[in-house]
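# Structural data only, the sequence is not supplied:
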């Protein structure tokens, strides 16, 4: 076995130029594949991270149907028990509660329709970066507010439309859970500058306890939002969590379906490209191996005549194809991984301005080195290279020595 | 010259399998590039069409500052006159006035903050394609009938005929004003901001409830021709300049899309280099193999008086011939797939990019000029990469070559 491999390697050096060309082709193809997978997966990861960390969290617990058709009344009745259930699960690193309502916020004679969110002053920063997106002013103070203080944080677009700044008084009007009209006077303590047009132009934040009081929700909330240490832990979390009837656990992919869809379609397109690159590379290897077998027909005839078994001959030729691809693949992975690593310092711009892709605003692409790009795909190339050698090798192994020896 | 070509053509079929494999690699490469061209062109067209036909039009007029602040007081001064002027612009197909208000839509226990868009029901169809994008119901005909997007309909469980209460604040006083409207139709435009968050209502209704009679914030323009470039658009818009208004063609309204379209050319060039690079190694390999095999033959040719130049030309012509076969394969492949998908249409359900959702079908289409340029690149580059082997062929020494085993 080992000697077959060595003979294969030696055979490669007999046609240095041809071997070099083939290796270069595999090298370039592999590097292209490693780099494009790295870049794509890096960007997907970045997009997911951005979307989940800025707002949605990795998973959420909501009343069944709330995600599709949100309503004040579809709430989680006993959030404490949900928290108790989730807190002990492996991988869960943060949990927070939210209340949501649509309403009108007014200042003076101006009014804007907004999405109101009641958040936990201490819990929210443990899950999302929402508190650090406050550009002016401050986040809610951790302890209870002084009696009669109702702080509010406005999206920057909302503040602009109302033409107000920090310290201004605004009123918020909506329907409460008991059917009454809920209205309250708030003081603007912060302006949210998230960079997302949708959030900045339509979101206002208040304290969870005050939201529950204003909306007469009692202890009820609309969302329990959580983070896990590693996204790979999500499936087991979904599988092992037992929730009371009427509640469901949604992963980020269900909360942000357009992001998930965009990523999976993009990935599909990438794989189609990769298959084509792979096909071109395989054609090259096939060609080389066919030529090798053809020009050495006589040599193989001699080997067979001297008693080399067809299996051994097969091994020698496959060994040659294997070395060819292995060398190309190794260097290709090295180059691809290096390029991936470089992008962590020099990101690749997506355009002269950030673009909105799948609901996430990205300005740069950075690549990551991961198992899929750096191991699985290169292994696939290696196997395909070997496969490309199988047909010519079989032909050589099946030759009749007498015929082979007589070929010119 | 002709003999060389004929000879080359004969030679490449002396090893049919090798030629076919090499040609197939070239064909795959070219086919991929052609298909990417068609795919990108179709996607770009869909993107621009969705953006312009669902909302933007090809150009818009606003009062200065409205686009940045969206303050409701900033209506177009002397709007009626501007509108008339806009309708007299050469090659104009439609000029639609619009008035915006942020408000709350409520039905039962469900409510959502929405953007109310007041439109001129007669003019709007000349600019936007909402009438063709109806998935249920009909285009509004009456004073308090509205159109909503599929997203809003789903979230608020509304359908044709549903009532909803629209609440907005009057400009100037801030008093809340509520009006009962009825859903006339549901549309899916592929523009999420419209499908998810907008209520389209008759202009008069919106003017009345926010207290701005006869006023509007925006005039959206559409010309009789699609696909105008920036220079053409700006020359068409010239009559509207100088009024102190904010007049912009669509690329300036969505600069992100314009900049992305610009960048695509670069990424396309990178992929051509990569794909052709891969194919090139195959070509060089094949040609040098063929040279090695026929070393003796070349020696004989030299010995009987063939010039080195002619030999080099033969190798180039052989590479070129394989290139022709490959390009024919690639052209068939690329055009075939593009044409098939172009007729069938591609739906990327749920995908959202640059403010456009790809839930409506888009049609890949290959521009003949671009396709020809791409084929030309492959046809020219194929013999070019065989230059190395060709030069080696020219340098064959007859005596040594003849003795070669």
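Now that the structure is in, tell me what you want to look at. Computed from a predicted model, the values in this text were never measured in an experiment. Residues are numbered from 1 along each chain as shown, chains lettered A, B, ... in the order given.
# alpha carbons only for contacts and neighbour counts from here, please
Noted.
# what's near enough to touch the residue most central in space within chain B?
Most central in chain B under C-alpha atoms, centre = their mean is residue B:44, positioned 0.9 Å from the mean C-alpha point. Residues in contact with residue B:44 (C-alpha atoms under 8 Å, 6 or more residues apart in numbering or on different chains) are residue B:261.
# Look up how far residue B:57 lies from it.
Residue B:44 sits at a distance of 16 Å from residue B:57 (criterion: C-alpha to C-alpha, to the nearest Å).
# contacting residues around the residue in the stretch 101-250 of chain A positioned nearest to chain B?
Going by C-alpha to the nearest C-alpha, chain B is nearest to residue A:109 of the stretch 101-250 of chain A, at 3.5 Å. Taking C-alpha under 8 Å, 6+ apart, we find residue A:109 in contact with B:169-175.
# Let's verify the residue of chain B found nearest chain A: helix, strand, or coil?
Closest approach between chain B and chain A, counting by C-alpha to the nearest C-alpha: residue B:174, at 3.5 Å. Under the three-state scheme (DSSP: H, G, I helix; E, B strand; the rest coil), residue B:174 adopts coil.
# repeat for residue A:50
Relying on three-state DSSP, one would call residue A:50 helix.
# ok, it touching residue A:360?
Yes - between residue A:50 and residue A:360 a contact is recorded at 7.4 Å, counting by C-alpha atoms under 8 Å.
# and these two? which has more neighbours close in?
Neighbours were counted for residue A:50 and for residue A:360 using other C-alpha atoms under 10 Å in any protein chain shown; residue A:360 has more, 21 against 18.
# Report whether the expected contact of the more buried one with residue A:45 is present.
No - look at residue A:360 against residue A:45 with C-alpha under 8 Å: they stay out of range, at 11.6 Å.
# Now the phi/psi pair for residue B:182, please.
Per-residue torsions, residue B:182: phi -120, psi 140 (degrees, to the nearest 10).
# pLDDT score for it?
In this model, residue B:182 is scored at 94, pLDDT.
# Give the closest residue to it in space, chain neighbours not counted.
Counting by C-alpha to C-alpha, 6 or more residues apart in numbering or on different chains, residue B:182 lies nearest to residue B:163, which is 4.5 Å off, once chain neighbours are set aside.
# quick one: low-confidence ranges for the stretch 251-400 of chain A?
A:351-352 (pLDDT under 70).
# Domain-wise, how is chain A divided?
A:2-52+A:260-406, A:65-245 (automatic domain parsing).
# Can you convert those into TSV and add a column each for distance to residue B:116?
Below are these laid out as TSV (distance: least, C-alpha to C-alpha, whole Å):
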stretch	distance to residue B:116
domain A:2-52+A:260-406	22
domain A:65-245	11
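# out of those, nearest to residue B:204?
Nearest to residue B:204, of all the domains of chain A, is domain A:65-245, at 20.4 Å by C-alpha to C-alpha.
# What separation is there between residue B:92 and residue B:57?
11 Å.
# quick one: which of these two has more around it?
residue B:57 (27 against 18).
# can you list the residues of the stretch 151-300 of chain B near chain A?
B:154-157, B:168-175, B:255-257, B:259-260, B:263, B:274-275, B:277-279, B:281-282, B:284-286, B:288-289 (C-alpha under 8 Å from any C-alpha of the partner chain).
# Kindly write the ChimeraX command that selects the buried subset of those residues.
In ChimeraX syntax, the buried subset of those is picked out as below (16 or more other C-alpha atoms under 10 Å in any protein chain shown):
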select /B:155,156,168,169,170,171,174,175,256,257,259,260,274,275,277,278,279,281,282,284,285,286,288,289
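# now residue B:343, nearest residue through space, not along the chain?
residue B:363 (6.9 Å).
# quick one, phi psi at that neighbour?
Here residue B:363 shows phi and psi, under degrees, to the nearest 10, equal to phi -120, psi 110.
# So for it, what pLDDT did the model give?
At residue B:363, pLDDT is 91.
# What spatial separation is found between it and residue B:352?
17 Å.
# higher neighbour count, those two?
Neighbour totals were compared for residue B:363 and residue B:352, and residue B:352 leads with 26 against 23 (other C-alpha under 10 Å).
# who's in contact with that one?
Counting by C-alpha under 8 Å, 6+ apart, residue B:352 has contacts A:258-259, A:262, A:357-359, B:358.
# any chance of those in a markdown table, with neighbour count, distance to residue B:52 and secondary structure too?
Formatted as a markdown table, the contacts of residue B:352 follow (neighbours: other C-alpha atoms under 10 Å in any protein chain shown; distance: C-alpha to C-alpha, whole Å; DSSP: H, G, I helix; E, B strand; the rest coil):
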| residue | neighbour count | distance to residue B:52 | secondary structure |
| --- | --- | --- | --- |
| A:258 | 21 | 22 | helix |
| A:259 | 25 | 23 | helix |
| A:262 | 23 | 22 | helix |
| A:357 | 19 | 18 | strand |
| A:358 | 26 | 20 | coil |
| A:359 | 25 | 19 | coil |
| B:358 | 23 | 15 | coil |
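# what about residue A:380, neighbour count?
Neighbour count of residue A:380, defined by other C-alpha under 10 Å: 12.
# circling back to that earlier point, hmm, the residue of chain B closest to chain A is touching residue A:112, no?
No - contact criterion C-alpha under 8 Å: residue B:174 and residue A:112 do not qualify, at 10.0 Å.
# that older thread, and the residue nearest to the centre of chain B, which helix or strand is it part of?
In this structure, residue B:44 is located in helix B:16-51 according to DSSP states H and E.
# now that helix: mean pLDDT?
Taken as a whole, helix B:16-51 has a mean pLDDT of 88.
# Can you give the distance from the next helix-or-strand element following it to the centre of its chain?
Toward the C-terminus, helix B:16-51 is succeeded by strand B:59-62 as the next helix or strand (DSSP H and E). Taking C-alpha atoms, centre = their mean, to the nearest Å, one finds strand B:59-62 lying 22 Å from the centre of the chain it belongs to.
# This completes my enquiry, with thanks.
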